[in-house]
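Visitor: Sharing a sequence plus its predicted fold:
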Amino acid sequence: MTYILVRLHGTSYAVPAEHTLEVLHGARVTVTPVPGGDPAMLGVLDLRGTLLPAIDLRVVMGMTSFAAELTSVRELLAARERDHVQWLDELRRCASCGDPFTKATDPTRCAFGVWYSGLQADPKELGRLTGQRLAQQAVVASWDAPHRAIHALADRVLEQAGRGDTDAAQHLLRTGESELAGLRASFKEFLTLFEEQRRAMLVVCQAGDQLVALAVDEVLAVEELDESRISELPPMVATAQRCLSGTYRREDGELVHLVEPRRVAATT
(Lines give C-alpha, C1' and ligand atoms only; values in the text may rest on other atoms or scores of the structure.)
Protein backbone atom coordinates (compact mmCIF):
# COMPACT_ATOMS: atom_id res chain seq x y z
CA MET A 1 0.00 0.00 0.00
CA THR A 2 1.27 3.48 -0.86
CA TYR A 3 1.73 6.10 1.87
CA ILE A 4 2.79 9.73 2.16
CA LEU A 5 5.63 9.73 4.70
CA VAL A 6 5.76 12.78 6.98
CA ARG A 7 7.68 13.89 10.04
CA LEU A 8 6.36 15.25 13.33
CA HIS A 9 8.84 16.47 15.93
CA GLY A 10 11.52 14.06 14.70
CA THR A 11 9.18 11.04 14.47
CA SER A 12 8.01 9.42 11.23
CA TYR A 13 4.34 9.03 10.37
CA ALA A 14 2.54 7.92 7.21
CA VAL A 15 -0.78 8.96 5.68
CA PRO A 16 -2.48 6.62 3.16
CA ALA A 17 -1.90 7.95 -0.35
CA GLU A 18 -5.33 6.73 -1.43
CA HIS A 19 -6.89 9.26 0.97
CA THR A 20 -4.52 12.11 0.03
CA LEU A 21 -5.58 14.71 -2.52
CA GLU A 22 -2.68 17.15 -2.42
CA VAL A 23 0.10 18.66 -0.32
CA LEU A 24 0.25 22.40 0.34
CA HIS A 25 3.05 24.55 1.73
CA GLY A 26 1.84 26.36 4.83
CA ALA A 27 3.56 29.60 3.80
CA ARG A 28 1.51 29.78 0.60
CA VAL A 29 -1.96 29.39 2.06
CA THR A 30 -3.99 31.27 4.64
CA VAL A 31 -5.49 29.46 7.60
CA THR A 32 -8.09 31.55 9.42
CA PRO A 33 -8.11 30.85 13.18
CA VAL A 34 -11.39 29.86 14.82
CA PRO A 35 -11.77 31.51 18.26
CA GLY A 36 -12.45 29.11 21.10
CA GLY A 37 -11.82 26.04 18.99
CA ASP A 38 -10.16 22.77 19.91
CA PRO A 39 -6.41 23.17 20.68
CA ALA A 40 -5.62 20.94 17.69
CA MET A 41 -7.72 23.08 15.34
CA LEU A 42 -5.42 25.55 13.60
CA GLY A 43 -8.36 27.12 11.79
CA VAL A 44 -10.20 26.98 8.49
CA LEU A 45 -8.58 26.77 5.07
CA ASP A 46 -10.30 28.01 1.90
CA LEU A 47 -9.22 25.56 -0.79
CA ARG A 48 -10.54 26.84 -4.11
CA GLY A 49 -13.88 27.75 -2.58
CA THR A 50 -14.15 24.74 -0.27
CA LEU A 51 -13.73 25.37 3.45
CA LEU A 52 -11.93 22.64 5.35
CA PRO A 53 -10.50 22.34 8.86
CA ALA A 54 -6.73 22.58 9.29
CA ILE A 55 -5.72 20.21 12.10
CA ASP A 56 -2.37 20.31 13.90
CA LEU A 57 -1.29 16.66 13.80
CA ARG A 58 1.37 17.39 16.42
CA VAL A 59 -1.26 18.33 18.98
CA VAL A 60 -3.48 15.38 18.07
CA MET A 61 -0.51 13.07 18.68
CA GLY A 62 0.13 14.61 22.08
CA MET A 63 3.18 16.61 21.03
CA THR A 64 4.13 20.24 21.62
CA SER A 65 2.69 22.51 18.94
CA PHE A 66 5.16 24.33 16.71
CA ALA A 67 4.04 27.71 18.09
CA ALA A 68 4.70 26.54 21.66
CA GLU A 69 8.04 25.02 20.62
CA LEU A 70 9.12 28.27 18.96
CA THR A 71 8.21 30.23 22.09
CA SER A 72 10.18 27.77 24.23
CA VAL A 73 13.29 28.04 22.04
CA ARG A 74 13.07 31.84 22.01
CA GLU A 75 12.85 31.91 25.81
CA LEU A 76 15.72 29.44 26.15
CA LEU A 77 18.12 31.42 23.96
CA ALA A 78 17.06 34.72 25.54
CA ALA A 79 17.83 33.28 28.99
CA ARG A 80 21.24 32.00 27.87
CA GLU A 81 22.00 35.40 26.35
CA ARG A 82 21.11 37.10 29.65
CA ASP A 83 23.38 34.64 31.48
CA HIS A 84 26.36 35.76 29.40
CA VAL A 85 25.55 39.47 29.74
CA GLN A 86 25.41 39.04 33.53
CA TRP A 87 28.61 36.97 33.46
CA LEU A 88 30.53 39.73 31.65
CA ASP A 89 29.03 42.44 33.87
CA GLU A 90 30.13 40.55 36.99
CA LEU A 91 33.62 39.98 35.55
CA ARG A 92 33.89 43.71 34.83
CA ARG A 93 32.77 44.56 38.37
CA CYS A 94 35.23 42.12 39.99
CA ALA A 95 38.09 43.38 37.84
CA SER A 96 37.26 46.92 38.92
CA CYS A 97 36.86 46.40 42.68
CA GLY A 98 39.00 43.32 43.30
CA ASP A 99 36.21 41.07 44.57
CA PRO A 100 36.58 37.32 43.89
CA PHE A 101 34.89 36.21 40.66
CA THR A 102 32.63 33.29 41.56
CA LYS A 103 30.80 32.58 38.31
CA ALA A 104 31.72 29.51 36.23
CA THR A 105 34.89 29.86 34.19
CA ASP A 106 34.60 26.32 32.81
CA PRO A 107 32.44 26.68 29.65
CA THR A 108 30.82 23.31 30.30
CA ARG A 109 29.62 24.27 33.80
CA CYS A 110 27.49 27.35 33.15
CA ALA A 111 23.77 27.00 32.33
CA PHE A 112 24.39 27.31 28.59
CA GLY A 113 27.34 24.92 28.72
CA VAL A 114 25.39 22.24 30.57
CA TRP A 115 22.50 22.52 28.10
CA TYR A 116 24.79 22.69 25.04
CA SER A 117 26.93 19.72 26.11
CA GLY A 118 23.81 17.65 26.69
CA LEU A 119 22.44 18.66 23.30
CA GLN A 120 25.63 17.67 21.48
CA ALA A 121 25.68 14.33 23.29
CA ASP A 122 22.09 13.50 22.27
CA PRO A 123 21.74 13.19 18.46
CA LYS A 124 17.99 12.64 18.73
CA GLU A 125 17.44 15.83 20.73
CA LEU A 126 19.76 17.76 18.41
CA GLY A 127 17.75 16.44 15.47
CA ARG A 128 14.51 17.63 17.06
CA LEU A 129 15.90 21.12 17.65
CA THR A 130 17.38 21.50 14.18
CA GLY A 131 14.77 19.56 12.24
CA GLN A 132 17.74 17.50 11.00
CA ARG A 133 18.58 20.37 8.64
CA LEU A 134 22.24 21.03 7.87
CA ALA A 135 21.93 24.82 7.93
CA GLN A 136 20.52 24.81 11.45
CA GLN A 137 23.02 22.20 12.61
CA ALA A 138 25.86 24.40 11.33
CA VAL A 139 24.56 27.41 13.27
CA VAL A 140 24.28 25.37 16.48
CA ALA A 141 27.84 24.08 15.98
CA SER A 142 29.08 27.67 15.60
CA TRP A 143 28.00 28.55 19.17
CA ASP A 144 30.80 26.57 20.77
CA ALA A 145 33.79 28.75 19.82
CA PRO A 146 32.50 32.16 21.00
CA HIS A 147 31.06 30.59 24.14
CA ARG A 148 34.44 29.09 25.05
CA ALA A 149 36.24 32.31 24.12
CA ILE A 150 34.06 34.32 26.52
CA HIS A 151 34.75 31.96 29.43
CA ALA A 152 38.48 31.89 28.66
CA LEU A 153 38.67 35.63 29.37
CA ALA A 154 38.05 35.46 33.12
CA ASP A 155 41.52 34.50 34.35
CA ARG A 156 43.23 36.82 31.87
CA VAL A 157 41.05 39.82 32.76
CA LEU A 158 41.52 39.29 36.50
CA GLU A 159 45.27 38.80 36.06
CA GLN A 160 45.65 42.09 34.17
CA ALA A 161 43.41 43.91 36.64
CA GLY A 162 45.45 42.49 39.54
CA ARG A 163 48.60 43.93 37.98
CA GLY A 164 46.93 47.32 37.71
CA ASP A 165 46.84 47.20 33.91
CA THR A 166 43.28 48.44 33.52
CA ASP A 167 43.73 49.21 29.82
CA ALA A 168 44.61 45.58 29.06
CA ALA A 169 41.74 44.34 31.22
CA GLN A 170 39.27 46.65 29.45
CA HIS A 171 40.58 45.56 26.07
CA LEU A 172 39.92 41.93 26.97
CA LEU A 173 36.44 42.80 28.21
CA ARG A 174 35.69 44.52 24.89
CA THR A 175 36.83 41.32 23.18
CA GLY A 176 34.30 39.44 25.29
CA GLU A 177 31.57 41.88 24.31
CA SER A 178 32.46 41.34 20.66
CA GLU A 179 32.26 37.57 21.07
CA LEU A 180 28.90 37.95 22.81
CA ALA A 181 27.61 40.15 19.99
CA GLY A 182 28.54 37.39 17.54
CA LEU A 183 26.79 34.80 19.69
CA ARG A 184 23.67 36.98 19.86
CA ALA A 185 23.65 37.34 16.08
CA SER A 186 24.01 33.58 15.72
CA PHE A 187 21.07 32.99 18.10
CA LYS A 188 18.99 35.37 15.98
CA GLU A 189 20.03 33.59 12.78
CA PHE A 190 19.04 30.25 14.28
CA LEU A 191 15.60 31.53 15.29
CA THR A 192 15.03 32.90 11.79
CA LEU A 193 15.95 29.55 10.24
CA PHE A 194 13.93 27.68 12.87
CA GLU A 195 10.80 29.64 12.00
CA GLU A 196 11.28 29.72 8.22
CA GLN A 197 12.22 26.06 7.79
CA ARG A 198 9.53 24.76 10.14
CA ARG A 199 6.53 26.26 8.37
CA ALA A 200 3.97 23.49 8.35
CA MET A 201 3.11 21.45 5.31
CA LEU A 202 -0.59 20.67 4.90
CA VAL A 203 -1.63 17.22 3.71
CA VAL A 204 -5.17 17.46 2.32
CA CYS A 205 -6.99 14.18 2.96
CA GLN A 206 -10.38 12.62 2.51
CA ALA A 207 -11.55 11.74 6.02
CA GLY A 208 -14.80 9.87 5.65
CA ASP A 209 -17.28 12.29 4.07
CA GLN A 210 -15.19 15.42 4.64
CA LEU A 211 -11.90 16.95 3.58
CA VAL A 212 -9.31 17.90 6.19
CA ALA A 213 -5.85 19.46 6.03
CA LEU A 214 -3.35 17.80 8.36
CA ALA A 215 -0.48 20.09 9.39
CA VAL A 216 2.87 18.26 9.59
CA ASP A 217 6.46 19.43 10.02
CA GLU A 218 7.72 17.98 6.77
CA VAL A 219 6.67 15.73 3.90
CA LEU A 220 9.44 13.20 3.30
CA ALA A 221 8.43 10.93 0.43
CA VAL A 222 5.81 8.79 -1.24
CA GLU A 223 6.61 5.18 -0.44
CA GLU A 224 5.18 1.70 -0.89
CA LEU A 225 5.10 -0.06 2.48
CA ASP A 226 5.27 -3.84 2.69
CA GLU A 227 2.04 -4.85 4.44
CA SER A 228 3.74 -7.87 5.98
CA ARG A 229 5.80 -5.45 8.12
CA ILE A 230 2.73 -3.60 9.41
CA SER A 231 1.53 -4.40 12.92
CA GLU A 232 -1.91 -3.58 14.24
CA LEU A 233 -2.18 -1.65 17.48
CA PRO A 234 -3.79 -3.22 20.53
CA PRO A 235 -6.81 -1.40 22.03
CA MET A 236 -5.53 1.77 23.69
CA VAL A 237 -7.07 4.63 25.58
CA ALA A 238 -4.89 7.57 24.50
CA THR A 239 -6.47 9.75 21.83
CA ALA A 240 -3.19 9.94 19.92
CA GLN A 241 -2.96 6.17 19.65
CA ARG A 242 -6.60 5.83 18.63
CA CYS A 243 -5.75 7.95 15.57
CA LEU A 244 -3.30 5.32 14.31
CA SER A 245 -4.18 2.21 12.33
CA GLY A 246 -0.88 0.46 12.99
CA THR A 247 2.89 0.71 12.85
CA TYR A 248 5.40 -0.18 10.16
CA ARG A 249 8.88 -1.32 11.11
CA ARG A 250 11.65 -0.47 8.67
CA GLU A 251 14.59 -2.80 8.13
CA ASP A 252 16.76 -0.46 10.22
CA GLY A 253 14.28 -0.82 13.10
CA GLU A 254 12.69 2.63 12.80
CA LEU A 255 8.97 2.68 13.52
CA VAL A 256 6.62 4.55 11.19
CA HIS A 257 3.21 5.28 12.70
CA LEU A 258 0.28 4.90 10.29
CA VAL A 259 -2.28 7.70 10.53
CA GLU A 260 -6.00 7.14 9.99
CA PRO A 261 -7.36 10.53 8.72
CA ARG A 262 -10.98 9.78 9.62
CA ARG A 263 -10.04 9.13 13.25
CA VAL A 264 -7.97 12.32 13.35
CA ALA A 265 -10.91 14.37 12.05
CA ALA A 266 -13.15 12.89 14.74
CA THR A 267 -10.94 14.27 17.53
CA THR A 268 -11.71 17.95 16.81
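Guide: Everything's here; your move.

Visitor: can you pull the pLDDT of V237?
Guide: With respect to pLDDT, V237 has a value of 48.

Visitor: what are the phi and psi angles of A138?
Guide: Main-chain dihedrals, A138, degrees, to the nearest 10: phi -70, psi -40.

Visitor: Number of residues surrounding it?
Guide: Counted with other CB atoms under 10 Å, the neighbours of A138 add up to 13. All C-beta atoms are positioned from the backbone trio N, CA, C, and that covers glycine.

Visitor: so what pLDDT did it get?
Guide: 96.

Visitor: now the one 10 residues further on
Guide: In this prediction, R148 carries a pLDDT score of 96.

Visitor: Tell me which residues touch it, please.
Guide: Contacts for R148 (CB atoms under 8 Å, 6 or more residues apart in numbering) come out as P107.

Visitor: Make 51 the first number, not 1, from now on.
Guide: Done: numbering now begins at 51, and the last item shifts to R198.

Visitor: That one: which element?
Guide: Assigned by DSSP states H and E, R198 falls within helix 194-212.

Visitor: Beyond that helix, next helix or strand please.
Guide: Using DSSP H and E, the first helix or strand after helix 194-212 is helix 216-247.

Visitor: could you give me the average pLDDT of that following helix?
Guide: 93.

Visitor: you'd agree Y298 is up against I280?
Guide: Yes - Y298 lies in contact with I280 (CB atoms under 8 Å); the separation is 5.0 Å.

Visitor: Please enumerate the shared neighbours of these two.
Guide: Taking CB under 8 Å, 6+ apart as the contact rule, Y298 and I280 both touch L308.

Visitor: okay, those two: which has more neighbours?
Guide: Y298 (21 against 16).

Visitor: And the pLDDT at the closest residue to the more buried one other than its chain neighbours?
Guide: Closest residue in space to Y298, ignoring its immediate chain neighbours: V306 at 4.3 Å, by CB to CB, 6 or more residues apart in numbering. Looking at V306, its pLDDT stands at 94.

Visitor: Can you name the next helix or strand after the helix or strand hosting R143?
Guide: Following DSSP H and E, one finds R143 within helix 116-147. Next helix or strand after helix 116-147 toward the C-terminus (DSSP H and E): helix 161-170.

Visitor: So for that next one, what gets flagged as buried?
Guide: F162, G163, Y166, L169 (16 or more other CB atoms under 10 Å).

Visitor: quick one: the residue nearest to Y298 and L275 touch, right?
Guide: Yes - using CB under 8 Å, V306 is in contact with L275, at 7.4 Å.

Visitor: Now do the shared contacts for the two.
Guide: Y53, A64, Y298.

Visitor: These into JSON lines, with extra columns for pLDDT, secondary structure and distance to R98?
Guide: Formatted as JSON lines, the shared contacts of V306 and L275 follow (pLDDT from 0 to 100; DSSP: H, G, I helix; E, B strand; the rest coil; distance: CB to CB, whole Å):
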{"residue": "Y53", "pLDDT": "96", "secondary structure": "strand", "distance to R98": "25"}
{"residue": "A64", "pLDDT": "96", "secondary structure": "strand", "distance to R98": "26"}
{"residue": "Y298", "pLDDT": "92", "secondary structure": "strand", "distance to R98": "33"}
